[in-house]
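**Student:** task: produce atomic coordinates for the following.
(chains A, B and C)
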Amino acid sequence: MDILKGLNEMQKEAVEYTEGPLLLLAGAGSGKTTVLTRRVANIIEKGTNPYNIVAITFTNKAAKEMKERVCKIAEQGDKVWVSTFHSMGVRILRQHIDKIGYDKSFSIFDSTDSEKVIKNCLTDLNLSDKHFKPKNMKSIISKFKNELVSAEEYAKREEKDSREQSISDIYTLYESKLEKNNALDFDDLIYKTVLLLESNEEVLEKYQSRFEYILVDEYQDTNIPQYKLVKMLAGKYKNLCVVGDDDQSIYGWRGATIDNILNFEKDYENAKVIKLEQNYRSTKKILASANSVISNNTKRKVKELWTDNEEGVNFKYYKGYNEQDEAVYVINNIEKMVEEDGKEYDEFAILYRTNTQSRQIEDNLVKNNIPYVLYGGVKFYERKEIKDILAYLRLIFNMDDEISLMRIINVPKRGIGNGTIEKVYEYANENGISALRALSNVEQIETIGSRSKNIKKFYDLLMSLKDKSKEVEIDELIKEVVELTGYIEELKEEKTDEANTRIDNIYEFINKATESAKNENNTLETFLEEISLVADIDAYDENTKCVSLMTMHSSKGLEFKNVSIIGFEENIFPSYRSVSSDDEGELEEERRLCYVALTRAEESILLTSATSRMLHGRVNNNKVSRFFDELILTDIDDVSPIKKPKIQSRISKLPKMDYAHSVERTKQFMRSSENAHIFSAPQDKELGFEVGDTIKQMRYGKGVVTEIKPAGADFEVTVDFGSKGEKKFMGILSRLKKV
DNA sequence: AAAACGCCGGTTTTT
DNA sequence: CCGGCGTTTT
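**Tutor:** Predicted structure coming up:
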């Protein structure tokens, strides 16, 4: 097939420019994946062995998709190494990690495991988990690793105050505990790979020679270690193509730095830059609004997406009374479009800022019998029962994994209580042996006495499982675990719904294992790895006939005909943290997230918010999101029961912009007939006061009016009483008086 | 040793 | 509002 068929000029150029460093700035919906796969095909066609090409992505889903598409158009495409950063790290480390002092059968700790290790560190160091919160410590350590600062280096650093010194101790002990467990945490998968390649010329040379062509997707999401890894791997041939969009950088909190993309031209001499700015996905209205929002960011490469697509329909905006009302509207809207316009459920996505927001939506979908898929939330592999079974498997694979050992030593109950466990640990420490070795010598531990037979039984159970693992497939092994431990038996005893769900989950887990076992060269190692590295979105299947529910973060890279963004409110989106942070950058990242969400849509967008919302057991009254003001307001139909709330405040809240831009925007804003009334002073004679006035109320005393909304013959007046909070009144009825 | 209770604290996004 | 965790009770 013709590799350039159907491409625009810029796309063709990107496909043909195969030698040397290339930065491909690919806007949302600009046909990026097509260009990438054709480019790979082109490199192969020019005579390169596919084995010498590597493509790096962030999610398994993206990797899988790219692999499939490359295979379709290129001879021997299956030989191209398409991998995520993390699985690439694992693959390199499994082969060479012994060179930096680990065993090749290392475990991968998830963040829960890491936090447990940190808790152990705190106990050992006699530090309080109130002052040194494990979650917080975890993220500090993660930050160090993402800045390539080792525990050793940090320990040497001078001028540390006492808190920093303690943190340094925690970091050091944490690292040594991981080593003792022969485990790596998530950050290590990249960090330790970098350390390995830095310290070992031979290994570096091996991979540098192999990778004649390197391709990195979503480059705007790379952090420092990832950047460094890529730079080292590309060191020999420098045929490095990075693809990204600085406007879609939404993982700053994970250490990703937008500078990697902004500085590419400085990092790589003679780098070619190609911009893909034509969007093939969205309507003109959607694109114009997305552009309008993102133009408020200061730190970005100049580009503007355009499209030949139709103008399209207006956005809809619905402000509900509360989150329940909001959910009902969103679902009714979908139902209506399905019934009246012949849409399918799978053409809809509901996006939100935080996972908890999916709850009301889910309730209402169930009520209305609408099929849906929820991505994210409590992950399958993080359920208690699955983690328990997994702990057995992990322990069988890596007997040094004490976190797993601790998890299941008395699960199901087998009469090994905390007291006994402590004694085992004491013995292990005194004799400088691993906990498992101590278990095998349990008869020697005098203090335990007759309970040692429980331990003996447990130890024998583990050993027989380990033997089994060498003979049978993974699904058989899991069945064996369940059988020998009596795990399901114990659950059956409970006879509760919850226990039954857990049993179902275990059967589902076995099914998944059976699926995996079908792949040739599937081992316990690869199975565990697969599970450690899955993301929610990896399960995304575009062939379902379901409404999709996911966070805006998860939606990156996907597209839907109709998108609903719920919770379009201050303190939710943008998040409370970003709003109250003094780092301007955080807000810009939220704005980029907004840009990502908007550009998922092909045809229509519904934005919703709620006047009052229950949050952490408390009622919140949030204003509509500031991003609302940054949209092109004339392209929005307000379908709320109460129209245009608080529109007065908008003038002062126009986004910060350079002067020319600002004047233009203001003019545009005033021209819009819908907004014309804003510029006449809003005053309601019947009330005798307006927004901003101080009034007096019988019970609460003096307060400032923040909002007036018509409500039938009366007005709903919101008054801020300062420390007493915000209250709502019916203005005339409650006889509010201007002071 | 296991179940039951009650308090405290957190609470964004995730490979 | 939730869940986790430590304390108390059986």
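
**Student:** shaky segments in chain A?
**Tutor:** A:1, A:377, A:446-450, A:642-687, A:696-701, A:709-716, A:721-737 (pLDDT under 70).

**Student:** nearest to DNA strand C: which residue in it?
**Tutor:** A:G617 (2.7 Å; CB to the nearest atom of the strand). To be clear about C-beta, it is placed using only N, CA and C from the backbone, and glycine gets the same treatment.

**Student:** find the nearest non-adjacent residue to the one residue in the stretch 301-450 of chain A that gets nearest to DNA strand B, please.
**Tutor:** Per CB to the nearest atom of the strand, A:G417 is where the stretch 301-450 of chain A lies closest to DNA strand B, at 2.0 Å. Distances taken as CB to CB, 6 or more residues apart in numbering place A:N410 nearest to A:G417, at 6.9 Å, with adjacent residues excluded.

**Student:** give me every residue that touches the residue of the stretch 201-350 of chain A at minimum distance from DNA strand B.
**Tutor:** Here the residue of the stretch 201-350 of chain A nearest DNA strand B is A:W253; by CB to the nearest atom of the strand that distance is 3.5 Å. Neighbouring residues of A:W253 by CB atoms under 8 Å, 6 or more residues apart in numbering: A:E589.

**Student:** that one and A:S139, how far apart?
**Tutor:** According to CB to CB, to the nearest Å, A:W253 and A:S139 sit 9 Å apart.

**Student:** swap in A:D363?
**Tutor:** 33 Å.

**Student:** go on, A:M232?
**Tutor:** 26 Å.

**Student:** so which residues on the stretch 551-700 of chain A come close to DNA strand C?
**Tutor:** Within the stretch 551-700 of chain A, the positions lying close to DNA strand C (CB under 7 Å from any atom of the strand) are A:614, A:616-617.

**Student:** show me which of those residues are buried.
**Tutor:** Among these, none counts as buried by neighbour count (16 or more other CB atoms under 10 Å).

**Student:** now, which of those residues sits nearest A:I118?
**Tutor:** Proximity of those to A:I118 was ranked by CB to CB; the top entry is A:H616 with 25.0 Å.

**Student:** and the residue nearest to A:G417, what does it touch?
**Tutor:** So A:N410 contacts A:416-417, A:421 (CB under 8 Å, 6+ apart).

**Student:** over to A:I274?
**Tutor:** So A:I274 contacts A:10, A:13-14, A:17, A:22-25 (CB under 8 Å, 6+ apart).

**Student:** between these, which sits nearest DNA strand B?
**Tutor:** Nearest member of the contacts of A:I274 to DNA strand B, counting by CB to the nearest atom of the strand, is A:L24, at 20.6 Å.

**Student:** which one is the closest one nearest to, not counting chain neighbours?
**Tutor:** Closest residue to A:L24 apart from its sequence neighbours, by CB to CB, 6+ apart: A:V243 at 4.4 Å.

**Student:** residues of the stretch 251-400 of chain A that sit close to DNA strand B?
**Tutor:** A:253-254, A:353-356, A:376.

**Student:** for ChimeraX, write the selection for the buried entries among those residues.
**Tutor:** A single ChimeraX command selects the buried members of those (16+ other CB under 10 Å):
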select /A:353,355,376
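
**Student:** out of the residues of the stretch 251-400 of chain A next to DNA strand B, which is nearest to A:M399?
**Tutor:** Using CB to CB, these come closest to A:M399 at A:R254, 31.9 Å.

**Student:** what about the closest one, distance to A:N223?
**Tutor:** Where A:N223 is concerned, A:R254 sits at a distance of 7 Å (CB to CB).

**Student:** joint contacts of these two?
**Tutor:** Contact criterion CB under 8 Å, 6+ apart; residues shared by A:R254 and A:N223: A:N146.

**Student:** and the helices in the stretch 251-400 of chain A?
**Tutor:** Counting by DSSP state H, counting those that start in this stretch, the stretch 251-400 of chain A has helices at residues A:259-262, A:264-267, A:284-294, A:323-341, A:358-367, A:384-397.

**Student:** kindly report the residues of chain A close to DNA strand C.
**Tutor:** A:614, A:616-617.

**Student:** wait, which of the residues you listed is closest to A:K180?
**Tutor:** Nearest to A:K180 among the residues of chain A next to DNA strand C, with distances taken as CB to CB, is A:H616, at 38.4 Å.

**Student:** got a list of what that closest one touches?
**Tutor:** Residues near A:H616 by CB under 8 Å, 6+ apart: none.

**Student:** now it: phi and psi?
**Tutor:** With angles defined as degrees, to the nearest 10, A:H616 sits at phi 50, psi 40.

**Student:** on that earlier part again, check the residues of the stretch 251-400 of chain A next to DNA strand B and tell me the two furthest apart.
**Tutor:** A:R254 and A:T356 (20.1 Å).

**Student:** and the longest strand for chain A?
**Tutor:** strand A:601-615 (DSSP state E).

**Student:** just want the angle from that strand to helix A:358-367.
**Tutor:** 110 degrees (axes from the mean of the first three to the mean of the last three CA atoms, to 10 degrees).
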